[in-house]
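In: Quick one, structure for this:
(chains A and B)
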There are 2 protein chains.
Amino acid sequence: LPEKQLIRLIRRQASTRRTAAGVIATGIGDDSAVLRLPSNHEVVVTTDFSLEGTHFRREWHPPRAVGHRCLARGLSDIAAMGGTPLAAFLSLGLPARIPQTWVNDFLRGLLELARKFRVSLAGGDIAQSSVGVLADIVVLGTVPAGRAILRSGAKPGDGIHVTGALGASAATLARLRSQSRARIVPSRHPAHFFPEPRIVVGQFLSKKRLASAMIDVSDGLSTDLAHICEESGVGAVVYGDLIPLGAPAARGLSASPTVRADSATRASALNFALHGGEDYELLFTAPASARVPPRIAGVPITRIGEITRAKKMWLIGAGGRRQWLVSGGWEHFANPGRNKGSR
Amino acid sequence: LPEKQLIRLIRRQASTRRTAAGVIATGIGDDSAVLRLPSNHEVVVTTDFSLEGTHFRREWHPPRAVGHRCLARGLSDIAAMGGTPLAAFLSLGLPARIPQTWVNDFLRGLLELARKFRVSLAGGDIAQSSVGVLADIVVLGTVPAGRAILRSGAKPGDGIHVTGALGASAATLARLRSQSRARIVPSRHPAHFFPEPRIVVGQFLSKKRLASAMIDVSDGLSTDLAHICEESGVGAVVYGDLIPLGAPAARGLSASPTVRADSATRASALNFALHGGEDYELLFTAPASARVPPRIAGVPITRIGEITRAKKMWLIGAGGRRQWLVSGGWEHFANPGRNKGSR
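Out: Okay, here's the model as predicted:
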């Protein structure tokens, strides 16, 4: 495989340059990349695997989408801290006989997203993989000292908010697993194939000090809310009716009540929203007194519940029916499509 | 697989703490790790794959050695910049049925080395791998602003120096590939199983401003010297007789001339030293006027040649015979054992 060629391609857009959050002093072509940060900032670092067979399938996901999703996973983690991404590092394991066009399109998808958020691809590693495509993305960002939004800051009485809509990605994945996958056009299912990391929303929440705790919804709402509850030592009540549903079957349901759907469809869309994962929306808590705008950077923000002192998670259903909300995405080994695993 | 258990294990030694080079504000258990750097420092970042079948074999390498080597690869890249390692991030892909003891011993090897260099394991990712053990290590370090030693600073007339001895790791690998592998005791082949990253030497060279260019010898002397020449726009002359040989067959050859070895053994040891790889020694250039000590932090430093204006690499043999030095480790896809691939 043309390793040198790949390095040259990546190199062309790395080298010394100014990015959104700092300066890449030296990029690809040395033992390590050297990064300069703005003063009085901290570094936020995240690392995420994208493994063929676990996180994507070459027969389902076009290479541009695989590249996009690979970087989006990392950017979303930076967004969840309220950080500004600075540089990405890509470790890529490639089968010896992979078509060059696949690699080119994968990189194109990744670099398009990198350019959009002014992230420099500053290094990485390449190796032959005897098994399939393995990508590990590291994203390094910055945040003003002391201003990172952690998972551990939620307090009883805080509102629970979510960006955008949930469940569309998992609904698409379910269709990919079904017989009707041939009719799926990736560009019509952006939530799954080209998720948009909520960088600007995260930055806004950090700057305005609105959020007490934050996480990105990658393992599913029920699992990621549990992470906040666990780290903060609190519980939660979530109102099923308030959850913005993104699943295609339910599109328009929450936004426009004139569109009707039968309750089975709605239940299925709610299920995807609660337990589906790979939404890459932000889930955050904010004190009841905080003025959380209804939209941030064009993205709708929805209040879906509140934090409680009792360390349980409850889901309030349509008729006020109350049931335990049990994390559905955690055991990703039993359910490969849902894995995020980043801690 | 007990993902939670693994996270707990890793977490126990991460969390908020002071390390050699900065402060881990928040470690594992959030979307990203948050790191605080000393003021007026830059960040150095490196990422390295360790893939089963490519970089190690479970039947050859005990898990403790795999863990040690995984982190050593990254630390060695930080050493090659003159940096001080701060934090490591481990992305780990594990087969569903891997024995827990293998994972424990892998982590033990990695964490023992981390502790030795006061590096905090500050995050990572875990996923199921359908194929074998995949580890991607990211190491983040610091260096005073402007003091990173790059590959691109070598000037004609500079001396070429190397730490320790070369070739022992490749010689062991050759034995692992042969019929006599059963008799190999890992602890007796530390250069291969437990290489020592030259962090302190790198820091010394940066602090004293002795080195004009530096790289770690991971792909083999001929390849890594070529990287320095390429990045610096220069050539090199290397004296075969001066290269410190570490191959077991030639042990003592250069240090003690009273030990004799036949020329075939010596040629084979020289071959391992020139083209073998995975030595994790430092190769650096220094102006002729620089006073490079014969030992740094107990590690012998040997001058093996000099940088030339002509952009060729020459090897001067025993009788003054001059031959082109051709990179032997680059095309790692043709020769899996040699891959480093980090740029």
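
In: Pretty sure residue A:215 sits in a strand.
Out: Yes: looking at residue A:215 with DSSP: H, G, I helix; E, B strand; the rest coil, it is inside a strand.

In: Show the contacting residues for it.
Out: A:80, A:151, A:224, A:225, A:227, A:228, A:282, A:283, A:284, B:31 (Cβ atoms under 8 Å, 6 or more residues apart in numbering or on different chains). C-beta here means a position set from N, CA and C on the backbone, and glycine is covered the same way.

In: what does the helix or strand harbouring residue A:237 contact?
Out: Using DSSP states H and E, residue A:237 maps to strand A:235-239. Strand A:235-239 is touched from outside by A:160, A:221, A:225, A:228-229, A:304-316, A:325, with contacts defined as Cβ under 8 Å, 6+ apart.

In: Now do it, average pLDDT.
Out: Averaged across strand A:235-239, the pLDDT comes to 98.

In: and the next helix-or-strand element following it, what does it pack onto?
Out: Where DSSP H and E defines the elements, the next helix or strand beyond strand A:235-239 is helix A:263-275. Under the contact criterion of 3 or more Cβ pairs under 8 Å, 6 or more residues apart in numbering or on different chains; DSSP states H and E, helix A:263-275 touches helix A:168-177, helix A:221-232.

In: any idea of the angle helix A:263-275 forms with strand A:213-217?
Out: Between the axes of helix A:263-275 and strand A:213-217, defined by axes from the mean of the first three to the mean of the last three Cα atoms, to 10 degrees, the angle is 120 degrees.

In: Please name every helix or strand in contact with the next helix or strand after helix A:263-275.
Out: Downstream of helix A:263-275, the first helix or strand assigned by DSSP H and E is strand A:281-286. The contact analysis (3+ Cβ pairs under 8 Å, 6+ apart) places strand A:281-286 against strand A:159-163, helix A:199-207, strand A:213-217, helix A:221-232.

In: so can I have a markdown table of the helices and strands packed on helix A:263-275 showing mean neighbour count and distance to chain B?
Out: As requested, the helices and strands packed on helix A:263-275 are exported to a markdown table (neighbours: other Cβ atoms under 10 Å in any protein chain shown; distance: least, Cβ to the nearest Cβ, whole Å):
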| stretch | mean neighbour count | distance to chain B |
| --- | --- | --- |
| helix A:168-177 | 22 | 16 |
| helix A:221-232 | 23 | 6 |
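
In: picking that back up, need the helices and strands packed on strand A:281-286 in JSON lines (columns: distance to residue A:139).
Out: Shown next, in JSON lines, are the helices and strands packed on strand A:281-286 (distance: least, Cβ to Cβ, whole Å):
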{"stretch": "strand A:159-163", "distance to residue A:139": "19"}
{"stretch": "helix A:199-207", "distance to residue A:139": "11"}
{"stretch": "strand A:213-217", "distance to residue A:139": "12"}
{"stretch": "helix A:221-232", "distance to residue A:139": "18"}
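
In: For beta bridges, what are the partners of residue A:307?
Out: residue A:236 (DSSP bridges).

In: To clarify, my last question referred to residue A:296.
Out: Judged by DSSP bridges, the bridge partners of residue A:296 are residue A:299.

In: Please report the distance of it from residue A:79.
Out: 12 Å (Cβ to Cβ, to the nearest Å).

In: ok, now residue A:220?
Out: 17 Å.

In: just residue A:132 next, same as before
Out: Note on residue A:132: its distance to residue A:79, by Cβ to Cβ, is 28 Å.

In: now swap in residue A:65 and tell me
Out: Residue A:65 sits at a distance of 19 Å from residue A:79 (criterion: Cβ to Cβ).

In: Settle it for me: which of these two has more neighbours?
Out: residue A:79 (34 against 23; other Cβ atoms under 10 Å in any protein chain shown).

In: quick one: contacts for the more buried one?
Out: A:197, A:198, A:199, A:201, A:202, A:203, A:216, A:282.

In: Retrieve the pLDDT associated with the second one.
Out: Among the per-residue scores, residue A:198 shows a pLDDT of 98.

In: quick one: contacts for it?
Out: Residue A:198 makes contact with A:76, A:79, A:163, A:164, A:216, A:280, A:281, A:282, A:299, according to Cβ under 8 Å, 6+ apart.

In: same thing with the fifth one?
Out: Residue A:202 is in contact with A:78, A:79, A:80, A:81, A:82, A:83, A:149, A:214, A:282, counting by Cβ under 8 Å, 6+ apart.

In: What about these, which one has the most neighbours?
Out: Going by other Cβ under 10 Å, residue A:80 tops the contacts of residue A:202 with 37 neighbours.

In: Pretty sure it sits against residue A:214.
Out: Yes: contact status for residue A:80 versus residue A:214: in contact at 5.3 Å, counting by Cβ atoms under 8 Å.

In: what do these two both touch?
Out: Any residue near both residue A:80 and residue A:214 by Cβ under 8 Å, 6+ apart counts here, and that gives A:149, A:202, A:282, B:31.

In: can you list those in a markdown table and add pLDDT?
Out: Output for the shared contacts of residue A:80 and residue A:214, formatted as a markdown table (pLDDT from 0 to 100):
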| residue | pLDDT |
| --- | --- |
| A:149 | 96 |
| A:202 | 98 |
| A:282 | 98 |
| B:31 | 80 |
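
In: List just the nearest of these to residue B:272.
Out: For the shared contacts of residue A:80 and residue A:214, the closest approach to residue B:272 (Cβ to Cβ) belongs to residue B:31, at 44.7 Å.

In: how many other residues sit next to the residue nearest to residue A:164 when sequence neighbours are not counted?
Out: Closest residue in space to residue A:164, ignoring its immediate chain neighbours: residue A:281 at 4.6 Å, by Cβ to Cβ, 6 or more residues apart in numbering or on different chains. A count of nearby residues for residue A:281, using other Cβ under 10 Å, gives 31.
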